[in-house]
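Chemist: just the structure for this:
(chains A and B)
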Amino acid sequence: MHSLAMQSLAADVLPGTLQMLILQTLSRGPLHGYAIAQQIKLTSQDELQVEEGSLYPALQRILLKGWVTAEWVQAGPKRRARVYRLTPAGRKQLAEEVSAFTRVMQATFRVIQPV
Amino acid sequence: MEWLHQLHRRLSFLFRRDRLDHDLDEEMQFHLEMQAEENQESGMPADEARYAARRRFGNARLIRETCRDFWNFPVLEFLWQDLRYSVRALAKVRAFSTIAVVSLALGIGANTALFSLMNIMLLRALPVKNAQRLVEFVRADGSSMMTNLPYSVFAYFRQDRAVLEDVFAVYGSDAVFRAGGAAPEKVYCHLVSGSFFPALGVNALIGRTVVPEDERPGAGSRVAVLSYGFWARRFGRDPSIIGAAARVDGELFTVVGVMPREFFGVDRSESPDLWAPFAVNTTPGDQAWVLGHLKAGVSVPQARTALDPLFRHALESLSSELQKWPQRDREAFLAQKLLVNRASNGTAGLRWTYWECSNTLKILMSLTGLVLLVACANLANLVMARSVARSREIGIRLAIGAGRWRLVRQLLTENLLLSLAGGALGLLVAGWGHRLMLGFLVHTVALDFRLDYRVLGFGLALSIVTALLFGLVPALHATCADPAAVIHAEPPQRGASNIPLAKALLVTQVGLSLVLLVGAGLFARSLRNLGAVDLGLARESLLLMNVHASGDRLQQRQQFWVRLTETMWGLPGVQGAALAGDAVFGNGGWNKTIWFPRAGRPAESAQIAYDPVGPGFFATVGIPVLLGREFGEQDRENGPKVAVINQSFARRFFGNESPIGKRVGDTVGQYEIVGLVGDAKYGTVREQNEPMIFQPVSQEPVSASYVLHVRTGSEPARLAPSIVRQIRTIDRECLITDIRTLPEVIRSQLLQDRMFATLAGFFAFLALALGCIGIYGVVAYRVAHRTAEVGVRMALGAQCADVLRLIMRETVMLLLCGVLIGTPLAIAATRLLKSLLFGLEPQDPVTITGATVTLIATGVLAGFLPARRATHIDPVAALRCE
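Modeler: Down below sits the predicted model:
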């Protein structure tokens, strides 16, 4: 039921674009999972709400594909954070996804724009 | 390449699963704490802040599961699940699993054993250089192909430069081997051209091989290379043997090398003791097997065309020897064709003997194939019965959302598991099975028994095919039902749809079993006929041995043979002893042309089998003398020439007249017939009696070797050592080989018949047992299914007998259908056996009737046991169930 409440505040990420958003966010520098979620929210000016849990499976998939690497860094006296860093392959993938997404979005706009 | 990286990452994930779980937990924990801290900063109480963070995060457990799916191989994971589930499910039904695994092990094992045998004999490449380009030269006339060529063909082919990379000649023959002070020994020797070893590219284990220089005239004493087996047996692996002198058939040889254990040459059916170069005085007419390597890129037809002129020249070069031949034979010889055969798997010998010229392997293949089919039909039935019993389980699983394919896969995994277990056990069966079959088939063959990747692959492929064969249809069948109907309706309605298929399978199984039963019956009866056939001589207590005199001079030899016979007659326990040129159940005598003078007409001639025999021969071997006398001391070398004939001879050439006193002739002179003896089998148990003529050894040129026949009072094998000792006292250097008793000889002749009878009998028994299980299963199921119906019938007054009849009618119908299909099938299939059967036809009505009756009787019995249970049904209880 909690997701209903959230939907009223912000739109969910478009299906299939979460991966692109993560890669884009990481392209500005290495971040840990929480920071990625915050960053997306911030950059989209609170318009896009990542369902935070779904971030982690997405990160695992990207990790498996070899588009990011992960390493543990100390974050405070008794805490570690896993920081993800974009690889060159990840950068290439991002470019491809962005261009494909832009193409689809532009086409979609052309269709839905009032004549 | 990318997938490779990914695979690597996945594999590394697979092995660090715990750490990954832990990492993920820590990471998510970090996230929640950060979020909670932020919430707290914006003014929430601590508890509320943590709760809000968790709510925003979503279902952590689900996320963990999703992540794990990325790390793992879902297919493998499912397979592992399926396997574990299958093992548990199968362990619950032990009887079913045991029957399935054992019947599959026998079915797959028998087929794998046979494949392994064929692999060894026919498929495996020779372990020599460029085996794929090795060819064998064969001559062919209208009717047959022969691998023994005149040596001149080799001499001419050596001149070729166009198509052959190399060419070599081999020829095998027995020889007497003497070395050191030990008793002489018979060895099997391969004479080889100097090009033989270089062409095969094999080296000696110690010393050297035969080289081209050894062939040159004036190369000094001939060289010999020993086989590993002979070296070990005769010289105890003594390496100092190199350079030692040995005599082979009297000629001096120097041992120059020993071959590795695995080397056998180019023919797997041969295991020579030694190799030696051809003698310098080898004539063009001597025999040789000729082989060679084609040049790279040369095809077999090209080679044939290019070599044909040389082959013609080689035959024509023998013209001086051919002059002596009759005109017709000479023309036939010159008209022979050259054939070139690929020999990459070894020379054609084994292939011809066991594949092209014999049905042995084909029959074995049909037998083992049939058994596997029967086992599959049976298993399909059992699996189906089981899936009926599981229909509720399957229905529920379908209902709660299992995909149909997922279930089919699960069921197939179970079957595959059974099949692989059967296959693994089958490989063990195959391990001793092919040795067993080989022991029956070939005797003195040094074959490499190791199971290789081909056999393992065959076993695996067969297991998988088998699993699909018996498992796919039942699995599809079990999962196509509507889950709602399954759960709501009573089981019988669901099972009913399975019954036609089950019946069809059972009918097939019965039909195939009948084929096996008929085959087994035919072989058994044929073997009995062979054992009971009248040989015309006394088969028990007859000892045979080949004796080779060592003396070179004729007189020496003659004295030896006379003294030998005299000594034998004096030995205690010996009831008779005689020499013969050819042994009974040896080669069947030799052929020669006999002339019959006819009054007032030109003499007739015919090819007749003959054997020179010593005094007392017929009494010794137990062939009755019907008229006149047998040979005795009075038939001396320069006395009047005499002969003894058998009944077939007398009947064919003298009709009803008494042959005693009649005269016949051969190329040497004329003989007076002094005795008539009964017909006896002389070569094989199977042969028809043919005309035969016997002449006294004393009136023939003295031979260096004869076969000694000894009739003993007691067990012949026990007397053999003392007989051998006695012979050695007369001639220390003489060679005694092949000591055997007549029953042994006959037994080895019938080895193949016994093999077929044993294997076919065993397979038929197996098929019958499986058939019983199948019928029992189906009838038991039907009884369970019709409980209510039977209850109603009994409540309305049906008697036990009526119920029994009701149930059994179905069983009998099934059996009759099976027999109806099986009989024509059996008649068609057993035609293949015609050449192997003795004293009966493949369509032997007694056998077919016997097999049918056995099958129906056993089937009825198998159906009767569960049917009887139907008669014990309590109508009240049955109706209450409804």
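Chemist: wait, residue B:52 sits on residue B:45?
Modeler: No. In this structure residue B:52 lies outside contact range of residue B:45 using C-beta atoms under 8 Å: 10.3 Å. Glycine gets a C-beta too; all of them are placed from N, C-alpha and C.
Chemist: now residue B:560. Nearest residue, chain neighbours left out?
Modeler: Distances taken as C-beta to C-beta, 6 or more residues apart in numbering or on different chains place residue B:549 nearest to residue B:560, at 4.8 Å, with adjacent residues excluded.
Chemist: swap in residue B:563?
Modeler: residue B:730 (5.3 Å).
Chemist: next, count neighbours for that neighbour.
Modeler: 16 (other C-beta atoms under 10 Å in any protein chain shown).
Chemist: so who does it touch?
Modeler: By C-beta atoms under 8 Å, 6 or more residues apart in numbering or on different chains, the contact set of residue B:730 is B:560, B:563-564, B:567.
Chemist: buried subset of those as a ChimeraX selection?
Modeler: This is the ChimeraX syntax for the buried subset of the contacts of residue B:730, where burial follows 16 or more other C-beta atoms under 10 Å in any protein chain shown:
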select /B:560,564,567
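Chemist: now, which of the contacts of residue B:730 sits nearest residue B:742?
Modeler: Taking C-beta to C-beta as the measure, residue B:742 sits nearest to residue B:564 out of the contacts of residue B:730, at 19.8 Å.
Chemist: check chain B for the residue nearest chain A and tell me.
Modeler: Per C-beta to the nearest C-beta, residue B:58 is where chain B lies closest to chain A, at 3.0 Å.
Chemist: could you count how many residues lie near the residue in chain A positioned nearest to chain B?
Modeler: Proximity of chain A to chain B (C-beta to the nearest C-beta) peaks at residue A:53, 3.0 Å away. Using other C-beta under 10 Å, residue A:53 has 20 other residues around it.
Chemist: same question, residue B:546
Modeler: 18.
Chemist: now the helix or strand hosting it, how far from the centre of its chain.
Modeler: Using DSSP states H and E, residue B:546 falls within strand B:542-548. Distance of strand B:542-548 from its chain centroid, counting by C-alpha atoms, centre = their mean, to the nearest Å, is 31 Å.
Chemist: CA-only coordinates of that strand in CSV, if you can.
Modeler: The C-alpha atoms that make up strand B:542-548 are tabulated as CSV, following Å, rounded to 0.1, in the frame of the first residue of the first chain:
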residue,chain,number,x,y,z
LEU,B,542,39.7,-89.4,-28.5
LEU,B,543,42.9,-87.4,-28.1
LEU,B,544,44.5,-85.6,-31.0
MET,B,545,47.9,-83.9,-31.3
ASN,B,546,50.0,-82.6,-34.2
VAL,B,547,53.4,-84.1,-34.3
HIS,B,548,56.3,-82.7,-36.4
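Chemist: residues touching residue B:335, list them.
Modeler: residue B:141.
Chemist: repeat the analysis, applying 10 Å as the threshold.
Modeler: Each residue near residue B:335 by C-beta atoms under 10 Å, 6 or more residues apart in numbering or on different chains is listed here: B:141-142, B:315.
Chemist: which among these end up buried?
Modeler: Buried, going by 16+ other C-beta under 10 Å: residue B:315, out of the contacts of residue B:335.
Chemist: got TSV for the contacts of residue B:335, with secondary structure and pLDDT too?
Modeler: Shown next, in TSV, are those (DSSP: H, G, I helix; E, B strand; the rest coil; pLDDT from 0 to 100):
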residue	secondary structure	pLDDT
B:141	coil	83
B:142	coil	75
B:315	helix	89
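Chemist: in the helix or strand that the strand holding residue B:546 is followed by, what's buried?
Modeler: Following strand B:542-548 in sequence order, the next helix or strand is helix B:554-570 (DSSP H and E). Judged by neighbour count using 16+ other C-beta under 10 Å, the buried positions of helix B:554-570 are B:557-561, B:564-565, B:567-569.
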